[in-house]
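> Provide a 3D model corresponding to the input given below.
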Amino acid sequence: MDILTVDYQASNAPRRFAESLHQTGFAVLSNHSVPHGLFDRVREDWRAFFSRPLAEKEKYWYDLDFHDGYYPTESAKNRPVNDLKEFYHIVPNGRVPEGVGQDTWALREQLFAIGRQLLTWLQDNMPSEIAKKLPLKLPDMMDEAGKTTLRIIHYPPLTGNEPKDAVRAAEHEDINLMTVLPAANQPGLQVKTKEGKWQTVQCDPGTIVINAGDLLQEFTEGFYKSTTHRVINPEGESARHARFSTPMFVHARPDIALSARYPTVKDYVDERLAAQGLKQFNKINR
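Next up, the predicted model:
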């Protein structure tokens, strides 16, 4: 699987980016506009938050309706074992823990802007017969009000006492339109090839990994592919260190018509959230 690294400033970037998402569902952006130091500052702010006692983190418990807050785990669709991670959702006008600085909001704003530009590239480089069927142009589908989410993920160091078959992120596809993912501080991200083999996504520090989500695949009739991926458990010395990841999940507006099976985007997303245990967890623990 040839996942392209695309120079964000190059004249051929739109074509190469669209080609990579068409062929593989993934691309890696280099030479983009986000300062590398911003990634580091955000990671250190959240390292401090996730180091707090659970009782402190639970003060920011996940709110399903508003879609923000702290969540202690999740599981992939049809997966009985929870992932080895905890995370926090950042949405417009949402809660941010005391002690977390403005860099988090700056990162969200910049990733959002990149996401809009990338959707424009995808719109301009898809077949016209598919483009004319879209209910809206791809960048106009972006949900600016709430569902587009910056997720701060903490994968704790491994202790050796993890549940059997538990991994940092089990194989899954993303629900949303597109994911904008700054390179994590550790490797581990893998994609499943057409042959069913796992391939490591090679991304240097400071680059941004992009992948198509299920909604983008559905809207474009499979032209842009939502590819199965996972985060594997590290081995050796690396297992003693935490991994931090800051994906931006670019969502479509919930009221947009999707398909015969799912009349709206909301219908589809609600089903997937329930499959991940988010709705059930919230009902039990709120």
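> ok, the longest strand along the chain: who's next to it in the sheet?
Longest strand in the chain by number of residues (criterion: DSSP state E): strand 149-155. Take DSSP bridges as the rule and strand 149-155 pairs in its sheet with strand 86-90 (antiparallel), strand 243-245 (antiparallel), strand 248-250 (antiparallel).
> just the CA atoms of the longest one, as PDB, please.
Below are the C-alpha coordinates for strand 86-90, written out as PDB (Å, rounded to 0.1, in the frame of the first residue of the first chain):
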ATOM      1  CA  GLU A  86      -8.400   7.400  28.000                       C
ATOM      2  CA  PHE A  87      -9.300  10.500  26.100                       C
ATOM      3  CA  TYR A  88     -10.900  14.000  26.300                       C
ATOM      4  CA  HIS A  89     -13.100  15.700  23.700                       C
ATOM      5  CA  ILE A  90     -12.700  19.400  22.800                       C
END
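> check the offset of it from the chain's centre.
On the basis of C-alpha atoms, centre = their mean, to the nearest Å, strand 86-90 sits 11 Å off its chain's mean C-alpha point.
> just the last one next, same as before
Strand 248-250 has its average C-alpha position 5 Å from the chain's average C-alpha position, going by C-alpha atoms, centre = their mean.
> where does the stretch 101-250 of the chain have low pLDDT?
145-146 (pLDDT under 70).
> what segments of it are strands?
149-155, 169-172, 178-182, 189-192, 198-200, 208-212, 229-231, 243-245, 248-250 (DSSP state E, counting those that start in this stretch).
> how about the ones you listed, which one is nearest A18?
Across the strands of the stretch 101-250 of the chain, A18 has its closest neighbour in strand 208-212 (10.4 Å, C-beta to C-beta). Bear in mind the C-beta positions are built from the backbone N, C-alpha and C, glycine included.
> shouldn't Y60 be in contact with G94?
No - the criterion here is C-beta atoms under 8 Å, and Y60 misses it with G94 at 9.7 Å.
> intersection of neighbour lists for those two?
Jointly contacting Y60 and G94 under the rule C-beta atoms under 8 Å, 6 or more residues apart in numbering are G69.
> so for L29, which of the strands paired with strand 149-155 sits nearest?
Judging the strands paired with strand 149-155 by C-beta to C-beta, what sits closest to L29 is strand 248-250, at 12.5 Å.
> contacts made by the helix or strand just after the closest one with the rest, please.
Using DSSP states H and E, the helix or strand that follows strand 248-250 in sequence is helix 265-275. Outside helix 265-275, the residues that touch it by C-beta under 8 Å, 6+ apart are 64, 77-78, 147, 175, 214-215, 218, 251-256, 258, 262, 279-280.
> and stretch 79-86, how far apart are its ends?
17 Å (C-alpha to C-alpha, to the nearest Å).
> again with stretch 212-221
13 Å.
> picking that back up, just put the strands of the stretch 101-250 of the chain in TSV and tack on mean neighbour count.
Output for the strands of the stretch 101-250 of the chain, formatted as TSV (neighbours: other C-beta atoms under 10 Å):
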stretch	mean neighbour count
strand 149-155	22
strand 169-172	20
strand 178-182	26
strand 189-192	20
strand 198-200	14
strand 208-212	25
strand 229-231	21
strand 243-245	22
strand 248-250	25
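> follow-up on the earlier one: so can I have TSV of the strands paired with strand 149-155 showing distance to D40?
Output for the strands paired with strand 149-155, formatted as TSV (distance: least, C-beta to C-beta, whole Å):
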stretch	distance to D40
strand 86-90	17
strand 243-245	10
strand 248-250	17
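> out of the ones you listed, which is closest to K133?
strand 248-250 (20.4 Å).
> contact partners of that closest one?
So strand 248-250 is contacted by 108, 111-112, 115, 119, 142, 148-151, 174-181, 213 (C-beta under 8 Å, 6+ apart).
> just to revisit the earlier point, which of the strands paired with strand 149-155 sits closest to H32?
Across the strands paired with strand 149-155, closest to H32 is strand 248-250 (C-beta to C-beta), at 12.8 Å.
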